[in-house]
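1. kindly return the folded structure for what I paste below:
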Amino acid sequence: MNATIGLLETTGYTPAMIALDVMCKTANVEALQSEVNDFLGFVVKVTGELDAVKSAIEAGEQIAAELGGKPVTQILANPEPQTQPVINGPEEYNGLLEQNVVHHPVRDETSPEEMEMNTDNSYALGFIETQGFTAVFNAIDQACKAANVEVIGKEKLGGGYVTVVIKGDVAAVKAAVEAGQAEVSKLGNLIAAYVIARPSTSVLSLLP
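-> Residues are numbered from 1 along each chain as shown. Sure, this is the predicted structure:
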């Protein structure tokens, strides 16, 4: 816990994960963990040298704001050791959301698939986040019908916010996200829709 820690909290899952990708591509930082506050909020925590964390947080805050995530950021330089259980605590299960709300990066073994996604410019991740389950389920069905993509997980934040994450080559993911996004307004509210080309290792390690 001697290294600097950067905190970036947003309304919505997608702005935070996009910000994490930008932060890790901007400066030499790595994901510490992410955490759901169970009512619309999501925080990503990065760690590294002070100057790197400052640069990363600045870049992450900018993209999160552009995505409507209303970011709140803070930099903890040389945090006190006794804050460890709070800032970098163990995984925690939320029975209401029926999922873990504290996520640690999975770095033990990077799968060949993740290595390929991280090094091949043709790979991408797509995020469709809505307020309303029916809306996102219909959107993701249309997305998968529009292009050859694979659904890899979903994240719930409470308040009806739910995100579905897909993967595939860049062109397919873009087409799928566009198709899904067009369907959302019929049944719910679109919170965010975004494509990450060549996602960072940190993002891959924290996917649902």
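2. find the nearest non-adjacent residue to residue 48, please.
-> Nearest non-adjacent residue to residue 48, counting by C-beta to C-beta, 6 or more residues apart in numbering: residue 29, 3.7 Å away. Every residue, glycine included, has its C-beta placed from N, CA and C.
3. okay, the one you found: pLDDT?
-> At residue 29, the model reports a pLDDT of 97.
4. what is the neighbour count of residue 134?
-> 11 (other C-beta atoms under 10 Å).
5. list the contacts of it.
-> 187-188 (C-beta atoms under 8 Å, 6 or more residues apart in numbering).
6. wait, a helix at it?
-> Yes: counting by DSSP: H, G, I helix; E, B strand; the rest coil, residue 134 is located in a helix.
7. relative to residue 37, how far out is it?
-> 24 Å (C-beta to C-beta, to the nearest Å).
8. likewise for residue 203?
-> 20 Å.
9. which of the two has more residues huddled nearby?
-> For residue 203 versus residue 37, neighbours defined as other C-beta under 10 Å are more numerous around residue 203 (24 against 13).
10. pull the helix or strand hosting the more buried one out as CSV, backbone CA atoms only.
-> Using DSSP states H and E, residue 203 falls within helix 201-205. Output of helix 201-205 as CSV, limited to C-alpha atoms (Å, rounded to 0.1, in the frame of the first residue of the first chain):
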residue,chain,number,x,y,z
THR,A,201,-4.9,-6.0,-19.8
SER,A,202,-6.4,-4.2,-16.8
VAL,A,203,-9.8,-4.1,-18.4
LEU,A,204,-9.6,-7.7,-19.4
SER,A,205,-8.7,-8.7,-15.9
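11. could you list the buried residues of the biggest helix by length in the chain?
-> As assigned by DSSP state H, the longest helix anywhere in the chain is helix 50-66. For helix 50-66, the neighbour count (16 or more other C-beta atoms under 10 Å) marks 52-57, 59-61, 63-64 as buried.
12. any weak-confidence spans in this structure?
-> By pLDDT under 70, the low-scoring segments of the chain are 1-2, 38, 96-97, 107-121.
13. what segments of it are helices?
-> Under DSSP H, the chain gives helices at 13-26, 50-66, 84-87, 112-119, 133-146, 170-184, 201-205.
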